[in-house]
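In: Quick one, structure for this:
(chains A, B, C, D, E and F)
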6 protein chains.
Amino acid sequence: MFYHVKELQYRAVPERPDPVFAKKLQEILGGQFGEISVAMQYLFQGWGARGEGKYVDLLMDTGTEELAHVEMLATMIARLLDNAPEVDLDEAVDNPVVAAILGGTNPQHAIVSGLGAMPSDSVGNRWTADYIIASGNLLADFRANLNAESQGRLQAVRLYEETNDRGVKDMLSWLIARDTMHQNQWIAAIHELEEKQGVVVPATFPRELQKEEVAYTLFNYSAGNDSAKGRWAHGPAPDGCGVFNYVEHPQPYGGKPVLNPAPLWVHDTPLDLLNMKHRPDPDLK
Amino acid sequence: MFYHVKELQYRAVPERPDPVFAKKLQEILGGQFGEISVAMQYLFQGWGARGEGKYVDLLMDTGTEELAHVEMLATMIARLLDNAPEVDLDEAVDNPVVAAILGGTNPQHAIVSGLGAMPSDSVGNRWTADYIIASGNLLADFRANLNAESQGRLQAVRLYEETNDRGVKDMLSWLIARDTMHQNQWIAAIHELEEKQGVVVPATFPRELQKEEVAYTLFNYSAGNDSAKGRWAHGPAPDGCGVFNYVEHPQPYGGKPVLNPAPLWVHDTPLDLLNMKHRPDPDLK
Amino acid sequence: MFYHVKELQYRAVPERPDPVFAKKLQEILGGQFGEISVAMQYLFQGWGARGEGKYVDLLMDTGTEELAHVEMLATMIARLLDNAPEVDLDEAVDNPVVAAILGGTNPQHAIVSGLGAMPSDSVGNRWTADYIIASGNLLADFRANLNAESQGRLQAVRLYEETNDRGVKDMLSWLIARDTMHQNQWIAAIHELEEKQGVVVPATFPRELQKEEVAYTLFNYSAGNDSAKGRWAHGPAPDGCGVFNYVEHPQPYGGKPVLNPAPLWVHDTPLDLLNMKHRPDPDLK
Amino acid sequence: MFYHVKELQYRAVPERPDPVFAKKLQEILGGQFGEISVAMQYLFQGWGARGEGKYVDLLMDTGTEELAHVEMLATMIARLLDNAPEVDLDEAVDNPVVAAILGGTNPQHAIVSGLGAMPSDSVGNRWTADYIIASGNLLADFRANLNAESQGRLQAVRLYEETNDRGVKDMLSWLIARDTMHQNQWIAAIHELEEKQGVVVPATFPRELQKEEVAYTLFNYSAGNDSAKGRWAHGPAPDGCGVFNYVEHPQPYGGKPVLNPAPLWVHDTPLDLLNMKHRPDPDLK
Amino acid sequence: MFYHVKELQYRAVPERPDPVFAKKLQEILGGQFGEISVAMQYLFQGWGARGEGKYVDLLMDTGTEELAHVEMLATMIARLLDNAPEVDLDEAVDNPVVAAILGGTNPQHAIVSGLGAMPSDSVGNRWTADYIIASGNLLADFRANLNAESQGRLQAVRLYEETNDRGVKDMLSWLIARDTMHQNQWIAAIHELEEKQGVVVPATFPRELQKEEVAYTLFNYSAGNDSAKGRWAHGPAPDGCGVFNYVEHPQPYGGKPVLNPAPLWVHDTPLDLLNMKHRPDPDLK
Amino acid sequence: MFYHVKELQYRAVPERPDPVFAKKLQEILGGQFGEISVAMQYLFQGWGARGEGKYVDLLMDTGTEELAHVEMLATMIARLLDNAPEVDLDEAVDNPVVAAILGGTNPQHAIVSGLGAMPSDSVGNRWTADYIIASGNLLADFRANLNAESQGRLQAVRLYEETNDRGVKDMLSWLIARDTMHQNQWIAAIHELEEKQGVVVPATFPRELQKEEVAYTLFNYSAGNDSAKGRWAHGPAPDGCGVFNYVEHPQPYGGKPVLNPAPLWVHDTPLDLLNMKHRPDPDLK
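Out: Here you go, the predicted structure:
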């Protein structure tokens, strides 16, 4: 259960309105790696974790914090939209700023949300749960979280570079610092789990059931062998269970697939039109 | 540029048709962490990487391999759909298998694709590029890749557990082994990049520009302090630049936000109806 | 800013596992009118409201409560998935329950979420912000909210009818009661706003700028005139500004539109192929 | 069954081309509350209504009219795109209007639709049936309709404010007037149904089956008690069946949820890694 | 502008309810090639056609008819859902039909639409305007229409094969016949346009501006040369402007692309980490 | 299985950066008829074709080539984004080009992809498998392919007209020529199949099972009879099995549908509120 306090986690006050930047800032509110994504991702991971304990508590702590970040960004975007002008094409004749505003703003900020933030990214795609990840396996999910915080901090940094507004930069410097913490925290949690169960997810699948002979092989499917120079092409693998090897000219292990004709009721292309040769698929025997 | 050979990377021949499993297997073909996702993700990362070298080559090698996995799964699904019966509700009276097939199969496998694989997941959502990640920053993206291979192997393992068909298990044992390799390879590549640039993405943003005082702090927003017991709440942070600390009762740093009224042309709720108090936002002065 | 407590707002304990019902229950978690929708809708309305006061406080109260409902449903769904069997088609031969489970469960509950709830509806569509509404005009938005609570209670009631599990019914009886409150509360808030500003949204647009002669007219575009018997076809309109009238045989007010040819660079169908008659559009003068 | 006449319901002739406004106008054609949405919503409600009579006739009348509005907007947008120039970045050096057009137009209007309207909103999201509502319960659905006409009129009014073109304003004044009618008509229909069955949807669910003790309670989950001042916090509820009450410090009714471990075949995080405490969930007994 | 009559274009009365088939039949109502798609596609093509005349009239005739097909299918689906039972898992123990219904029905038909049709396909994906095509070039669009009627008839035929209900088959035999007409009509219209302007779209682009030397070449990118046996690999091309030729071992025409480093503010992977070789791209000079 | 070579199929080098055109060019990379669509469409058709032979080989040849086109466009877009400036609203005061760039560029090119191409269209919609078609019936699918190449060439030509950059035009002239080949090749393949099986898809459905009396009828549902002048309204139909006829005033063949009331547990609007007349549906008896 949740409680809300009216105060923001950190202040969200721009120096001046800037509807063009408001559009861009939507990316880290409602984009693939925006704050809605991390809030929902951590909460769903927490609710789905089959156990109680410090990992689940960490997920709920962080997911709840991310809700506060959604709130800060929604507030900041509304303020960047303050006093947005009603501009039209006629006025652009004399005024490049009008031209920029005509083109660089999100028309839905005026028409749809009435100068409020939208649950969308910087080009207007609405947020979707396609973005989030919760598998019930914490090592897998913490890797998803480390990625999310890496992409998120990268985007916040790029936005920091794209504005001169000190108020916006101030708020972004908060979010960037929190992403530093969150990257560090997921790394720490990942290390702990990897030490206990190894680095390959899931750890509980018996290794002998996988095709071991290709479990440490780099196949060179792209002409040129620069990739052979990497650490991933020779030496012991990080999981400690195998040695990397490199195959310069990989050959197919399977035969040419030939599918059986479909039953008549499906009305696929009739067999004779396909000039099938009835060559048996070599894998079929 | 690409060339195709007719042979499969590995054989994809089930022991017997099973349209119910065909529906499930769609998950790792066209789902969030299916083979389409990793193929497109690695190729887009490779095409967008601003530089040449072993990392890019590795991306192209692996992305090209994943196209072969898409092909193997599409072939396997078509074969699991072989001889799919035309069943209807009447026949289910006497036959639970018919009942299961009526319910457990994907109707689009008959109606839409004519007993071929669909570019969809196990519940029928069409594949979307919402799933993929390519940022231009390789450390961020390799973390996305490690997550993708972790989620992907987890899903392949779960599917392995849900079938008794030795042909399907054989093919899955190949894919599971390749995911072992790919997890190992991205870990190796991540370690190399982290050694050179540190663990926090992006490494090139000046640390002093972030709000350093909260860059190593765990805020306890979720009642109960189990999370304080984790490695992420005390001791040096993995990035070597700070020391974790724990705040049991976090307080807001910002004030209560009060937004300005909207200009009249937006026709938001008029000010007097909102019984605004004109209390200045404490952050505004 | 938010705080989380570990306890649920109300208990979420089924009598027994039921993975088929778990799939259905997803509708009111992650469907169009599920709890994610109302939580996000109320919070975004609150964050975007340009003013402070009781309406905004009410939005934040209710939005925060809906987050607790998401949590209860996520917990309930995970428990309904407890002990989900690994079943396959062979076993369905002898067992209709296996057949039902094969068909009636969501395969992603096993493959993707590891027996946790998904941010999806009952057929597996991922939640999308397409579902939510926040316009900056509170009367408009409270009508959206009243609709959401009406659809939501209707769906919860239908689900109540579809299960015999007393634990599930107990939790649903809580959610249904809360929807009763929320319908009542939005009605009360709507009445208050309507009394002050009238019933037509937005109230601030000068009536004389609309085409008044058709502002109270029911056009009978569908053969048969049953609709003429309704209160909406005669008598004073609810807004107190006009009188309803009924037009049995509505005629077009505009002419036949004829579009100009496209410039050549667009490569639309060339003019001569369209056998255009150059009859002027009657509306053009 | 439908018939089409070539004439428009009302004229759709702008004074002059304006490709920037054409992009914006898409919102009320193909956006969440555009004319496609209301047309489809009313028709699906009509087709799904289990009964014949004046309500169904009203739905078909209005749904059929909305198709005419789709047509008017498609015509207007095509005309606003007339003579759209082929502009490129070089020309923007000297000409802010070119700059505005480069930025403020929808590139798909040239590349995809050949200067025709798109079935999309003002930022280019394609229309989706996620937007529409048809539940089989007319009171619920008429509330959806009242909301749709409220949001739709609000958006049309905002667009009216954003243009100086008298032809466009003329057409919008028609649509705004029709939205006035449609708000009034749904209000009239809602009142009629509410008088017969009460205000809470669905009316047919036995009240005693809901958790009555929280059916009229406002829980204050958001710090600050401004919401207590509203009509929704005290006095008789609009449904006439209860009295509102306010709980300033709401406590959880449920216990801390602890989920059971997953079966091994799901390969969630193993139990010992979760440092579970096996504290029984208080709600479980 | 449109008028509606209450009678259906053709009767839509099943012999008996069948909620499992109701789910399948959704495919041709709200799927990629369902009746919503063709209705919207033809109407948008008609509204966007820049000219008046027989082609536009044909589009409006056919688009208006497809609206009647949407109505017939919506009616049929509602009737197939009549008397849908409230079934639960317990009852499936003894009854395979219950099992089939549990699994084979769309849960949203009960929970969301109240036994009405949904604007969705057979697996529950909501209809989206991603499916439709309107380019302003009629030859291109008539090819889209011929495809739509081909896919649509194919799906209707497959559904015809999947039911024994004579009422359903009767209605499908109507839709299948109409698709026969529509395939024939678009073929006739295509021939007419092709005779006037040639077969390559768009006809208005000067041929000499394309890279003529590869405008009739089949590149063999897939090992094996079965494709060389086709009519498309030799002889005059259908457009009468060139002769097909076959290249068995196609070589790249371009060089290896090497992208420039990104500016610092983008924070992509730093150059030195990419071990770039600064080999100039051969295409760059 | 696939192999990749580093060289591009054709060069992709612009004369100069142009981030505004980079946004537009996304349409033919990741739009509805972009190269991702044709690559995936042809490959899925090939993998699903139940037979081996020249048609399948042709699909694999062409699908594999389209992957090379994705690569060329991704490279070109990255180069058009080279040296993208960090511009803000202040700078637009003096500089219309800055204004154009502010408005006319895709903000995700900077924030999300780090100056790489996105798997999206020109307005930012992510690519979705909703766009692709693979039915198992090759005649149907080759018509889809002919449409895709027609729409694709049309869009490439429009983009050719919208730029003055000779490098971009050079690359587009390659793609336009390849689309010429691909239109010709699908036409040739279609003719071959049509000669063998006739023009109506699917050919394998017994004609006598369709409602023959309306299989060659043009119904005039749109007032005005220009459509009667077309070849599709008289004379023998292209399939050689019927003669076109024209019905000027089409009447409904079915009766007014009246749906039965819903069972109580669905909680639709109660019967008495619907003032149903219990007039039997004329089609029901």
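
In: List the residues that contact A:Y246.
Out: A:T217, A:L218, A:N220, A:N225, A:A228, A:A233, A:H234 (C-beta atoms under 8 Å, 6 or more residues apart in numbering or on different chains). For the C-beta atoms, the positions are set from N, CA and C on the backbone; glycine is no exception.

In: where does the stretch 51-200 of chain A come near chain C, residue by residue?
Out: Within the stretch 51-200 of chain A, the positions adjacent to chain C are A:60-61, A:63-64, A:67-68, A:70-71, A:74-75, A:78, A:112-117, A:119-120, A:126-130, A:132, A:134-137 by C-beta under 8 Å from any C-beta of the partner chain.

In: can you give me the helices for the stretch 1-150 of chain A?
Out: A:19-25, A:27-30, A:35-48, A:54-80, A:89-92, A:96-104, A:107-111, A:138-161 (DSSP state H, counting those that start in this stretch).

In: How about the last one and chain F, any contact?
Out: Put plainly, it is helix A:138-161. Yes - shown here: helix A:138-161 in contact with chain F (C-beta under 8 Å from any C-beta) through A:L154, A:Q155, A:R158, A:L159, A:E161.

In: That helix and chain E, any residue contact?
Out: Yes - Helix A:138-161 reaches chain E (C-beta under 8 Å from any C-beta) through A:L154, A:V157, A:R158, A:E161.

In: buried ones in stretch A:166-175?
Out: A:G167, A:V168, A:K169, A:D170, A:M171, A:L172, A:S173, A:W174, A:L175 (16 or more other C-beta atoms under 10 Å in any protein chain shown).

In: out of the residues you listed, who's nearest C:P282?
Out: A:V168 (53.1 Å; C-beta to C-beta).

In: Make sure I have this right: the closest one is in a helix.
Out: Yes - using DSSP: H, G, I helix; E, B strand; the rest coil, the assignment for A:V168 is a helix.

In: Show me where chain A dips below the pLDDT cut-off.
Out: A:52, A:84-89, A:92-93, A:274-280, A:285 (pLDDT under 70).

In: For the nearest residue in space to A:G46 that is not next to it in sequence, give its distance to C:E65.
Out: Using C-beta to C-beta, 6 or more residues apart in numbering or on different chains and skipping the chain neighbours, the partner closest in space to A:G46 is A:L59 (3.7 Å). Using C-beta to C-beta, to the nearest Å, one obtains 21 Å as the distance from A:L59 to C:E65.

In: and what of A:D165?
Out: Distance from A:D165 to C:E65, by C-beta to C-beta: 35 Å.

In: Looking at the two, which one has more neighbours?
Out: Legend: neighbour count by other C-beta atoms under 10 Å in any protein chain shown for A:D165 and C:E65, higher for C:E65 (26 against 21).

In: My guess is the more buried one contacts D:L218. True?
Out: No - checked against C-beta atoms under 8 Å, the pair C:E65 and D:L218 is beyond contact range at 9.5 Å.

In: picking up where we left off before, between the residues of helix A:138-161 next to chain F, which sits nearest chain B?
Out: A:L154 (5.2 Å; C-beta to the nearest C-beta).

In: nearest to C:S150, of the helices of the stretch 1-150 of chain A?
Out: helix A:35-48 (25.3 Å).

In: quick check: angle from the closest one to helix A:54-80?
Out: Here helix A:35-48 runs at an angle of 160 degrees relative to helix A:54-80 (axes from the mean of the first three to the mean of the last three C-alpha atoms, to 10 degrees).

In: got TSV for the buried residues of stretch A:166-175, with distance to E:Q210 too?
Out: Compiled in TSV, the buried residues of stretch A:166-175 are given as follows (distance: C-beta to C-beta, whole Å):
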residue	distance to E:Q210
A:G167	53
A:V168	48
A:K169	50
A:D170	54
A:M171	52
A:L172	48
A:S173	52
A:W174	54
A:L175	50
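
In: Which pair of these spans the longest distance?
Out: A:G167 and A:L175 (13.3 Å).

In: Just want to check the distance between the residue in chain A positioned nearest to chain D and A:S122.
Out: Evaluated by C-beta to the nearest C-beta, chain A has A:G103 as its residue closest to chain D, separated by 2.0 Å. For A:G103, the distance to A:S122 equals 14 Å [C-beta to C-beta].

In: End to end on stretch A:109-121, go ahead and measure it.
Out: With C-alpha to C-alpha, to the nearest Å as the measure, stretch A:109-121 spans 12 Å from end to end.

In: Can you give the distance of it from its chain's centre?
Out: 23 Å (C-alpha atoms, centre = their mean, to the nearest Å).

In: close to chain F, is stretch A:97-116?
Out: Yes - counting by C-beta under 8 Å from any C-beta, chain F is contacted by stretch A:97-116 at A:V97, A:A99, A:A100, A:I101, A:L102, A:G103, A:G104.

In: which non-adjacent residue is nearest A:N145?
Out: A:N145 sits nearest to A:W186 (C-beta to C-beta, 6+ apart), 4.7 Å away.

In: Kindly tell me how buried the one you found is, as a neighbour count.
Out: 25.

In: Regarding it, what are the backbone dihedral angles?
Out: The phi and psi values for A:W186, taken as degrees, to the nearest 10, are phi -70, psi -30.

In: got the CA coordinates for stretch A:210-220 in PDB?
Out: The C-alpha coordinates for stretch A:210-220 follow below in PDB (Å, rounded to 0.1, in the frame of the first residue of the first chain):
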ATOM      1  CA  GLN A 210      22.500 -28.200 -23.300                       C
ATOM      2  CA  LYS A 211      24.600 -28.900 -26.400                       C
ATOM      3  CA  GLU A 212      27.900 -28.400 -24.600                       C
ATOM      4  CA  GLU A 213      30.000 -28.500 -27.800                       C
ATOM      5  CA  VAL A 214      28.700 -25.100 -28.900                       C
ATOM      6  CA  ALA A 215      28.400 -23.500 -25.500                       C
ATOM      7  CA  TYR A 216      31.700 -21.600 -25.800                       C
ATOM      8  CA  THR A 217      32.100 -21.200 -29.500                       C
ATOM      9  CA  LEU A 218      32.200 -17.900 -31.400                       C
ATOM     10  CA  PHE A 219      30.900 -18.500 -34.900                       C
ATOM     11  CA  ASN A 220      32.300 -16.000 -37.400                       C
END
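
In: So which bits of that stretch are buried?
Out: A:Q210, A:K211, A:V214, A:A215, A:Y216, A:T217, A:L218, A:F219, A:N220.

In: Distance-wise, check A:V243 relative to A:V200.
Out: Counting by C-beta to C-beta, the gap from A:V243 to A:V200 is 15 Å.

In: more neighbours, the two?
Out: A:V200 (27 against 9).

In: Would you enumerate the residues in contact with that one?
Out: A:D239, A:C241, B:R153, B:T180, B:Q183, B:N184.

In: if we can go back for a sec, ok, the residues of stretch A:97-116 next to chain F vs chain E, which is closest?
Out: Nearest to chain E among the residues of stretch A:97-116 next to chain F: A:G104, at 18.2 Å, using C-beta to the nearest C-beta.

In: would you turn the contacts of A:V200 into CSV with distance to F:G48?
Out: Below are those laid out as CSV (distance: C-beta to C-beta, whole Å):
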residue, distance to F:G48
A:D239, 37
A:C241, 38
B:R153, 26
B:T180, 30
B:Q183, 31
B:N184, 33
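
In: In helices only, show me those residues.
Out: B:R153, B:T180, B:Q183, B:N184 (DSSP state H).

In: Tell me the one among these nearest to D:A148.
Out: For the ones in helices among the contacts of A:V200, the nearest to D:A148 is B:R153 (46.0 Å; C-beta to C-beta).

In: who touches the residue nearest to that closest one when sequence neighbours are not counted in this structure?
Out: Once flanking residues are discounted, B:R153 sits nearest to B:D179: 3.6 Å by C-beta to C-beta, 6+ apart. B:D179 makes contacts with B:E149, B:G152, B:R153, B:A156, as judged by C-beta under 8 Å, 6+ apart.

In: Next up, the contacts around the first one.
Out: The reference is to B:E149. B:V38, B:D179, B:H182, B:Q183, B:W186.
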